[in-house]
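Peer 1: Any chance you can model this:
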Amino acid sequence: MSTIDFNQLKYLAVFVEVVSCGSFAAAARKLRSSRSRVSEQVAQLESNLGVRLLNRTTRQLSMTMEGREVYARASDLPKILTDVEIASSQEVARGRVALTVNHDIAIARLLPVLESFQKKYPRIQLDLILNDDRLDLITEQIDVAIRVGVPGDDSLIMRPLFEDRMHILASSAYLQANGIPGSIDELAKHRWILLQQASPVAEIHLYLNDQPVSFSPANYHMCNSPLMMQRMVLAGLGIGCLLPSTVTEALQGGSLERLMPQLQGEALQFSLVYPSRRQMPLRTRCLIEHLLAAKLFSGS
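Peer 2: Now for the predicted structure:
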C-alpha cells in the first residue's frame, strides 16, 4: 500500500507548477503564494516521499531522476485539483436537485413557481418525483419533499409552508342535477368520491364547530389518487372532501362550490421536508428558500 498522504496532494501539484514555471519564484507568483512557502511545500513533499525531487542551485533548478518520474505521473494534477475545486464550488448554484411531491400539489401549486425558479437559477435542474406515497428520502436519495402532515422521522427537518383544511366540494353541474344538501343526513345520501388513504373504510370524518362528526355514504367511488379524485369531483361524478389550496382556480371560477362550510376537516400542515442542514449543497438551499419565498399555498 502506498505511503503517500493523499491529503497532501496539493504538494504534488505545487511541485508540478515549480517544474512547469522553471523556478520557485515564478511558481509562487502563479499560485499567489510566497517563494518561501512554495519551497517549504516541495521540501515537505520530498520528506513525505523520502527522495529528492529537485537539485537546487542559486542559478538553476533541475529535476532528479526520481523527480522526472514523479513529474511525468503528476503533471495533470494541478488541472485535476482545479476541476475538483470548481465542481465542488458553492459560489454558483448548479446541479440537480431531487424533489418529491404529490401529483395534485405538483400541478396545482408547484408548477406555477417553476418558471421563476428557472429564471433565477438557470444552472439548477430538477428531478421531479411525483408520487402520492411517502418515499424514504434517504433510501431514494431525494433532496427535498413537499409533505402534508408531520414527518414520521424525527431526523428530518421540516419547514412549514401553509395550513389548510379539507372542505366539502362539489361541481356546479353535480349540484344542479342532484340538489344541494343542507344537513349531514342529506350529505350521506349523495354520491361521493372518496380518497382511499383518508377513508379506507368509506367513513368520512369532519368537524362541526370543533366537534367531531362522522358518517358513511352508501353510494361512493373510491380512488387512491388525490389528483384523480379532484378530476372526478370536477367532472360531476360526486361530492368530495378536497383541499381548497389545490383547487383554487376552480373555486374562483365557480366550477366548484363549497357545501356546508361549517363542516371542515382537521388542520393539515404543508411542509418542506429534507434530511439535514449539515453541508447542504447550495442548489438545494436555493430551491428550499425559493419555495418558501414563493408561498406555494397562498391565496387558497
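Peer 1: Assign Asp136 to helix, strand or coil.
Peer 2: Secondary structure, DSSP: H, G, I helix; E, B strand; the rest coil: Asp136 is coil.
Peer 1: ok, now which ones touch the closest residue to Ala25 other than its chain neighbours?
Peer 2: Spatial nearest neighbour of Ala25, excluding adjacent residues (CB to CB, 6 or more residues apart in numbering): Arg35 at 5.0 Å. Just so you know, the C-beta spots here come from the backbone N, C-alpha and C atoms, and that holds for glycine as well. Going by CB atoms under 8 Å, 6 or more residues apart in numbering, Arg35 touches 24-25, 28.
Peer 1: most neighbours, which of these?
Peer 2: The residue in those with the most neighbours, by other CB atoms under 10 Å, is Phe24 (23 neighbours).
Peer 1: For the biggest helix by length in the chain, which residues meet the burial criterion?
Peer 2: Identified as the longest helix of the chain according to DSSP state H is helix 35-49. The neighbour-count check on helix 35-49 (16 or more other CB atoms under 10 Å) flags 38-39, 41-42, 45-46, 49 as buried.
Peer 1: Now pLDDT and distance to Phe162 too, for those, in JSON lines please.
Peer 2: What follows is those, written out as JSON lines (pLDDT from 0 to 100; distance: CB to CB, whole Å):
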{"residue": "Val38", "pLDDT": "91", "distance to Phe162": "57"}
{"residue": "Ser39", "pLDDT": "91", "distance to Phe162": "61"}
{"residue": "Gln41", "pLDDT": "91", "distance to Phe162": "55"}
{"residue": "Val42", "pLDDT": "92", "distance to Phe162": "59"}
{"residue": "Leu45", "pLDDT": "90", "distance to Phe162": "57"}
{"residue": "Glu46", "pLDDT": "91", "distance to Phe162": "62"}
{"residue": "Leu49", "pLDDT": "89", "distance to Phe162": "60"}
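Peer 1: of all these, which comes closest to Ser245?
Peer 2: Gln41 (59.0 Å; CB to CB).
Peer 1: Tell me the spacing between the closest one and Leu9.
Peer 2: 11 Å (CB to CB, to the nearest Å).
Peer 1: For the chain, which segments are assigned as strands?
Peer 2: 54-56, 61-63, 95-101, 124-130, 144-148, 157-171, 191-195, 204-208, 211-215, 219-223, 239-242, 256-274 (DSSP state E).
Peer 1: tell me, how many neighbours does the closest residue to Asn209 other than its chain neighbours end up with?
Peer 2: Spatial nearest neighbour of Asn209, excluding adjacent residues (CB to CB, 6+ apart): Gln262 at 6.7 Å. By the criterion of other CB under 10 Å, Gln262 has 9 neighbours.
Peer 1: do the one 3 residues further on as well
Peer 2: Gly265 is flanked by 18 other residues according to other CB under 10 Å.
Peer 1: Over to the one 4 residues further on?
Peer 2: Applying the criterion other CB under 10 Å, we find 14 residues in the vicinity of Gln269.
Peer 1: and the nearest residue to it once chain neighbours are set aside, what does it touch?
Peer 2: Once flanking residues are discounted, Gln269 sits nearest to Glu163: 5.5 Å by CB to CB, 6+ apart. Residues in contact with Glu163 (CB under 8 Å, 6+ apart) are 267-270.
Peer 1: related to what we said a few turns ago, determine which two of the buried residues of helix 35-49 are furthest apart.
Peer 2: Largest pairwise distance in the buried residues of helix 35-49, by CB to CB, is 16.9 Å, between Val38 and Leu49.
Peer 1: how close does the closest residue to Val101 other than its chain neighbours get to Leu54?
Peer 2: Computed as CB to CB, 6+ apart, the closest residue to Val101 that is not its neighbour in sequence is Ile146, at 4.2 Å. Ile146 sits 58 Å away from Leu54, going by CB to CB.
Peer 1: go on, Ser183?
Peer 2: 94 Å.
Peer 1: Which one of those two is surrounded by more residues?
Peer 2: Neighbours around Ser183 and Leu54, counted as other CB under 10 Å, are more numerous at Leu54. The numbers are 20 against 9.
Peer 1: So the more buried one versus Leu81, what's the distance?
Peer 2: Here the criterion is CB to CB. By it, Leu54 lies 20 Å from Leu81.
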